[in-house]
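*Asks:* Have a look; sequence and predicted model below, questions after that.
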Amino acid sequence: MTTLGDYGEIFMGNPKNLERAGYKDKGGNIAYDPEFECTGGSSDPNDRQCPYETKESDAMGLETTGWDGRLMHLNMPSFRDPLCPRTLKYLFTKAKRPNDIRVRVLQQNMDVDDDCLETYCKMMAQLREETGGGDTSKGGPAGEDCPHRDQIFVHPISAKDAAGPTYARGLIGQDMHAAYAKNGISPQDFCMSTDSHMDFEPEWDEKMVNMWDQAKNEYAVLSTYVANIDQLGQNLNGVHEVPHLCMITFTSQVRTTATKCARNLVKPKLTNAVWGAGLSFSKCHAELKVPVDPHTPGIFDGEEFNRAARFFTYGYDVYTPNRVYVLHDYHGSQHNPKTSSWGHGKFGQEDLQNAYYRLNTMLDIPGGELDEQKALQLKRSRYGLGDRRTLDELIEFSGVDLRHKRATIDGKNRCGNIQWVPFIEHPKGANFIPTFDDTTEEPLDLPYDKSSVWYDPQIDGAGAGMISRDVIENEEDPKEKELRHAEEKAAHAVFKEEAKQLAGNSHHADEHKRLAAALEEDGAERGHKEVVSSAAAAALKAEQMEKEGVVVFPPLLRGSPQSALTTGKLFLSQKKHGIEHLPIQVKIAVILMIFGLCAAVITSGSGRGRRKKNSKKR
């Protein structure tokens, strides 16, 4: 029997904080049990399902472990970051096999900023001078102007054209696909995504590969929020403490929160699909299959869980690393106003709303496309969901109630020991990279094979990865369901009463009467738990009545020069979503309704005040 500390410990959280967040667990520390990760619960190997290890047929003639014959590709977006050159210096000088590393930098600079590659070369020249030449780890062979320069690929764009981290990572993803098409990247190579202000442990490259091998999962993705550089070379708290991502909260999108920790883990720990953008390490077929979506300008919250969902549905599993080999310079990056000014880049509020709409549609979060066929089309596109697992399986595994914007579906804390979700591998193996139309981004590998969750479009009743809201409601706790229905009924009554009062107003009577009639029916607003104003209800109804709807596919080019076509500057085009996109007549009606309500409240208050004053006189 596993005792606390045999294979490591997991901190589940503070009991009071967990209770406030809706979790039922007691919290504290529990023992990590790596054997539990295999599905089954029996010691009989025939009764257990474990993650797929690397097969000889997938290894492409190489060993199934280690990285002999493989390259390592490091992807690094950089926004006006003066620490970018230092990061290049550290990653090469501290690597065990620097000649086998390839780096792609998406450099977003102004003319006044130092070029990352050129400054790196100056640093290496200085290091070579200080060390008198020597081997690569000390600055490169004597006489070499800039060691490893030909292993660094810089994609420069103006900082004025920056559109946030997902846009930058998305462009790197497109560069990777271009390199893959020219045989510059193998699906069996290793890929790591990180930031441009990092430091590394000695021989970090080999240590990362060996740690990945410990997961014994060809589809493993090591990911976490890495420690600060002041912990370089330290055994944190004497127990090899590592950050552990496992909880989220809802802001405008899904946001990773309440990072936990794990201690003395003997191997990487399977997580509930919560992924962090600061460090992502995997085989390159993961990066090629699940590239970052560049059609989400300005997105920060929402980036990570969206990609986590796509990884999971493609069959990938996120693991918390059991050791820290890559570290982040939080002070140097977060205290530099230049590096955080990307929010003033080339995107507007409409672009941001488009991005939110796209993310909501992808994950069935309220506020996305209601038309199931349009939503399904987006989910099957290049930056959509995979076809090995369903969105329903993700919700159950992660515990995140996406469809009701709740952090937990059942109050269970999934930071502890969890079990792997089995899936059927693609018949063409782990190295198969799906293809999509370059213009429409629709899938080209059709028809779907029988192992695909898209093979039967009626799966789960409403399309693969989607289920009807009736099914969700039937699975709710009866008391919670009754309470929710009561709240919805009360909210609808408020809408209805406000609409009737407005309908009696002599101004714009026709518009108000139509609103009152609409609220008698089962409109879209009936499905919203939140009590919103009558103006919001009118906006919802107006959206429902719009014939054009929202164009979620294909993405359109907007305001991009012809030369930018190859960089993937593609933004999702949206029509008629939100009050700012409504016809002018509806806008005026909504504004007048708000003024009408305010006037009614003021008049009512004034009347009560006069009655009180008169009663005092009597």
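*Replies:* Thanks, I have the structure now. Small disclaimer: the values here were computed from a predicted structure and weren't measured. Numbers count the residues shown, from 1 in each chain.
*Asks:* quick one, helices of the stretch 201-350 of the chain?
*Replies:* 204-214, 284-289, 303-313, 330-334, 349-363 (DSSP state H, counting those that start in this stretch).
*Asks:* and residue 153, what element?
*Replies:* Here residue 153 sits within strand 152-158, counting by DSSP states H and E.
*Asks:* can I see the domain layout of this protein?
*Replies:* Taking automatic domain parsing as the criterion, the chain consists of the domains 72-349, 478-545+583-617.
*Asks:* ok so, going back, who does the strand holding residue 153 pair with, and is each partner parallel or antiparallel?
*Replies:* strand 101-109 (parallel) (DSSP bridges).
*Asks:* Averaged pLDDT, the helix or strand following the strand it pairs with. What do you get?
*Replies:* The C-terminal neighbour of strand 101-109 among helices and strands, as given by DSSP H and E, is helix 116-131. Averaging pLDDT along helix 116-131 yields 91.
*Asks:* what helices or strands is helix 116-131 leaning on?
*Replies:* helix 84-93, strand 101-109, strand 152-158 (3 or more C-beta pairs under 8 Å, 6 or more residues apart in numbering; DSSP states H and E). Any C-beta I mention is one placed from the backbone N, CA and C, and that applies to glycine too.
*Asks:* Compute the inter-axis angle for it and helix 84-93.
*Replies:* 60 degrees (axes from the mean of the first three to the mean of the last three C-alpha atoms, to 10 degrees).
*Asks:* what about this structure, any weak spots by pLDDT?
*Replies:* 1-5, 41-45, 133-144, 333-348, 456-618 (pLDDT under 70).
*Asks:* Mind doing that once more with 50?
*Replies:* 1-2, 342-343, 458-476, 495, 498-500, 502-516, 518-587, 610-618 (pLDDT under 50).
*Asks:* just the strands in the stretch 301-450 of the chain please.
*Replies:* Per DSSP state E, counting those that start in this stretch, the stretch 301-450 of the chain carries strands over the ranges 317-320, 326-328.
*Asks:* Starting from the longest one, tell me which strands it pairs with and how they run.
*Replies:* Taking DSSP bridges as the criterion, strand 317-320 sits next to strand 220-223 (parallel), strand 269-270 (antiparallel) in its sheet.
*Asks:* Pull up the gap between residue 370 and residue 360, please.
*Replies:* Noted for residue 370: a distance of 11 Å to residue 360, by C-beta to C-beta, to the nearest Å.
*Asks:* how near is residue 326 to residue 53?
*Replies:* 24 Å.
*Asks:* swap in residue 17?
*Replies:* Taking C-beta to C-beta, one finds residue 17 at 38 Å from residue 53.
*Asks:* So for those two, which residue has more residues nearby?
*Replies:* residue 53 (15 against 12; other C-beta atoms under 10 Å).
*Asks:* Tell me which residues touch that one, please.
*Replies:* For residue 53, the contact set (C-beta atoms under 8 Å, 6 or more residues apart in numbering) comprises 64, 216-218.
*Asks:* sorry, back to before: quick one, which of the strands paired with strand 317-320 is nearest to residue 364?
*Replies:* Nearest to residue 364 among these is strand 220-223; the distance by C-beta to C-beta comes to 22.6 Å.
*Asks:* can you list contacts of the closest one?
*Replies:* Under the criterion C-beta under 8 Å, 6+ apart, residues 51, 208, 211-212, 215, 245, 268, 275-276, 279-282, 286, 311, 316-321 lie in contact with strand 220-223.
*Asks:* Start and end of stretch 15-27, how far apart?
*Replies:* 5 Å (C-alpha to C-alpha, to the nearest Å).
*Asks:* let me redo that: stretch 18-26
*Replies:* End-to-end distance (C-alpha to C-alpha), stretch 18-26: 8 Å.
*Asks:* what's it in contact with?
*Replies:* Against stretch 18-26 from outside (C-beta under 8 Å, 6+ apart): 12-13, 15, 27, 247, 249, 258, 406-408, 411-413.
*Asks:* Quick check: residue 27 vs residue 411, distance?
*Replies:* 13 Å.
*Asks:* residues contacting the spatially closest residue to residue 60 that is not a sequence neighbour?
*Replies:* Computed as C-beta to C-beta, 6 or more residues apart in numbering, the closest residue to residue 60 that is not its neighbour in sequence is residue 188, at 5.1 Å. Shown in contact with residue 188 (C-beta under 8 Å, 6+ apart): 58-60, 62, 70, 283-285, 431.
*Asks:* TSV please, covering those residues and showing distance to residue 307.
*Replies:* Shown next, in TSV, are these (distance: C-beta to C-beta, whole Å):
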residue	distance to residue 307
58	23
59	26
60	26
62	27
70	23
283	16
284	16
285	15
431	20
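*Asks:* doesn't residue 159 make contact with residue 110?
*Replies:* Yes: contact status for residue 110 versus residue 159: in contact at 4.9 Å, counting by C-beta atoms under 8 Å.
*Asks:* Between those two, which contacts overlap?
*Replies:* residue 80.
*Asks:* Between these two, point out the one with more neighbours.
*Replies:* Between residue 110 and residue 159, counted using other C-beta under 10 Å, residue 159 has the larger neighbour count: 20 against 11.
*Asks:* and residue 78, that one's in a helix?
*Replies:* No: assessed with DSSP: H, G, I helix; E, B strand; the rest coil, residue 78 is strand; it does not lie in a helix.
*Asks:* That one - how many residues pack around it?
*Replies:* Residue 78 has 25 neighbours, counted by other C-beta under 10 Å.
*Asks:* That one contacts residue 103, correct?
*Replies:* No: in this structure residue 78 lies outside contact range of residue 103 using C-beta under 8 Å: 10.8 Å.
*Asks:* thinking again about what came up before, just send the contacts of stretch 18-26 back as JSON lines, with distance to residue 194 and neighbour count too.
*Replies:* Output for the contacts of stretch 18-26, formatted as JSON lines (distance: C-beta to C-beta, whole Å; neighbours: other C-beta atoms under 10 Å):
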{"residue": "12", "distance to residue 194": "28", "neighbour count": "21"}
{"residue": "13", "distance to residue 194": "27", "neighbour count": "22"}
{"residue": "15", "distance to residue 194": "34", "neighbour count": "13"}
{"residue": "27", "distance to residue 194": "31", "neighbour count": "18"}
{"residue": "247", "distance to residue 194": "22", "neighbour count": "26"}
{"residue": "249", "distance to residue 194": "24", "neighbour count": "15"}
{"residue": "258", "distance to residue 194": "23", "neighbour count": "16"}
{"residue": "406", "distance to residue 194": "31", "neighbour count": "15"}
{"residue": "407", "distance to residue 194": "27", "neighbour count": "18"}
{"residue": "408", "distance to residue 194": "30", "neighbour count": "19"}
{"residue": "411", "distance to residue 194": "34", "neighbour count": "16"}
{"residue": "412", "distance to residue 194": "32", "neighbour count": "14"}
{"residue": "413", "distance to residue 194": "29", "neighbour count": "21"}
